[in-house]
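[1] quick one, what's the 3D model for this:
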Amino acid sequence: MSRVKLRPLEQQVAVVVGGSSGIGRATALRLAAAGTKVVVAARNEAGLSTLVREIEDAGGQAIYAVCDVSDRAQVESVAEAAVAKFGRIDTWVAVAAVVVYADFEHTTPEEFRRLMEVNFMGQVHGFQVALPHLRRAGGGALVSVGSGETVISMPLNSAYAASKHAVEGMLDALRRELRAAGTPISVTSIKPAAINTPFFDNGRNKMAVKPKGAPPFYDPGVVADCVLYAATHPARDLYAGGAAKLMKVTQHLTPRVADAVLAKFGIPMEQTKEAATDTDGNLYETSGDARVKGDFGKQALPFSPYTWLATHPTARRLLLACAVGGLGTRWAARARTV
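    Below is the predicted model:
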């Protein structure tokens, strides 16, 4: 994918779908601060309105469009608004997602279908709509914000994990088609670990207690850093948080160990000690929550050394060179003493 050349952020127009809260909101703020013209979309109009105002108050340029990503026509309207205001689209960031916390047998077919409509078809709609615009702009980036559950499924999340696995299969095929055609559009899959956003508060929950992500938690900015990197570098996969990379390695190298560990510890790791309150969640209607961060700030890591190195290749190569050089010096010194 080295032939894909992406514009600097200050020259881009970026669409962030799922931008009213959490990772999407953090990403939109970072993009705008970097000089990108931003179009934000979500179901929560009040949250979008305050986000645009925050961007404009800081000197940035942004508009919003209300959109349920399961509706193809609404997604098309987002693209039309972006082009009407800013003339083109350079980067499309797909963040919108919903979740159901329930065991497999108590997750209804309708709930499975809704998660596929939002989490999977929402990204299908977005990328199909975006592609012609990116081609007309001379190339660009498709950025999918997925989950660590793209590669490893947690108990109580069968519908969510299934939707994220489906997205990954779609991205692989799309990436290869674009490459075969020589189309200068990059496709990046970002796989976050547990991120401290309102996502857990807003999901549908059939447990007796409030849900949470499996620790460690990371700050939403760790994911936003990955998105900004993907918008300017044709990366294939990025892991937001070293824990997400560890999950992938564990699943692929020792799946039976993953089975045993998550069977024993997976459910307790996803449960708080607080009694559940709003259990319907935002599956069909917006929660109205426009926060960037959730309730786990005291546990969240503000920085991921693994992700920082992944998004700073020069520093990574320098560190590797220093490590190799250090080993060579030690071996040489040992050889002289033998």
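[2] can we go C-alpha only for contacts and neighbour counts from here?
    OK.
[3] just want the most central residue of this structure.
    For the chain, the residue sitting closest to the mean C-alpha position, by C-alpha atoms, centre = their mean, is residue 145 at 2.2 Å.
[4] so how far is residue 61 from it?
    Distance, residue 145 to residue 61, by C-alpha to C-alpha, to the nearest Å: 23 Å.
[5] just residue 42 next, same as before
    18 Å.
[6] of those two, which one has the most company?
    Counted by other C-alpha atoms under 10 Å, residue 42 and residue 61 do not tie: residue 42 has more neighbours, with 26 against 19.
[7] now the residue nearest to residue 242 when sequence neighbours are not counted, what are its backbone angles?
    Leaving aside its sequence neighbours, residue 242 sits nearest to residue 306 (C-alpha to C-alpha, 6 or more residues apart in numbering; 5.2 Å). As for residue 306, its main-chain torsions (degrees, to the nearest 10) stand at phi -60, psi -50.
[8] cool, residue 42 as well?
    Backbone torsions for residue 42, taken as degrees, to the nearest 10, come to phi -180, psi -180.
[9] from memory it sits against residue 51, does it?
    No - counting by C-alpha atoms under 8 Å, residue 42 sits too far from residue 51 to count as a contact (11.3 Å).
[10] which neighbours do these two have in common?
    Taking C-alpha atoms under 8 Å, 6 or more residues apart in numbering as the contact rule, residue 42 and residue 51 both touch residue 20.
[11] show me what contacts residue 31?
    Residue 31 sits next to 9, 14, 37, 38, 228 when contact means C-alpha under 8 Å, 6+ apart.
[12] give me the neighbour count for the first one.
    By that I understand residue 9. By the measure other C-alpha under 10 Å, the count of residues near residue 9 is 21.
[13] same question, the last one
    Neighbourhood size, residue 228 [other C-alpha under 10 Å]: 21.
[14] what's near enough to touch it?
    Applying C-alpha under 8 Å, 6+ apart, the residues near residue 228 are 9, 27, 30, 31.
[15] could you do the first one as well?
    By C-alpha under 8 Å, 6+ apart, the contact set of residue 9 is 31, 34, 35, 36, 228, 231, 232.
[16] ok, the third one touching residue 10?
    Yes - with contacts defined as C-alpha under 8 Å, residue 35 counts as touching residue 10 at a distance of 4.2 Å.
[17] more neighbours: those two, which one.
    More neighbours surround residue 35 than the other of residue 35 and residue 10, with 17 against 13 (other C-alpha under 10 Å).
[18] where does the more buried one sit: helix, strand or coil?
    Three-state call for residue 35 (DSSP: H, G, I helix; E, B strand; the rest coil): coil.
[19] so what's the backbone phi/psi at it?
    Here is the backbone geometry of residue 35 (degrees, to the nearest 10): phi 100, psi 0.
[20] quick one: contacts of the helix or strand hosting residue 14?
    Element membership for residue 14 (DSSP states H and E) is strand 13-17. Residues outside strand 13-17 that contact it (C-alpha under 8 Å, 6+ apart) are 24, 27-28, 31, 36-42, 69, 79, 82, 86, 88-96.
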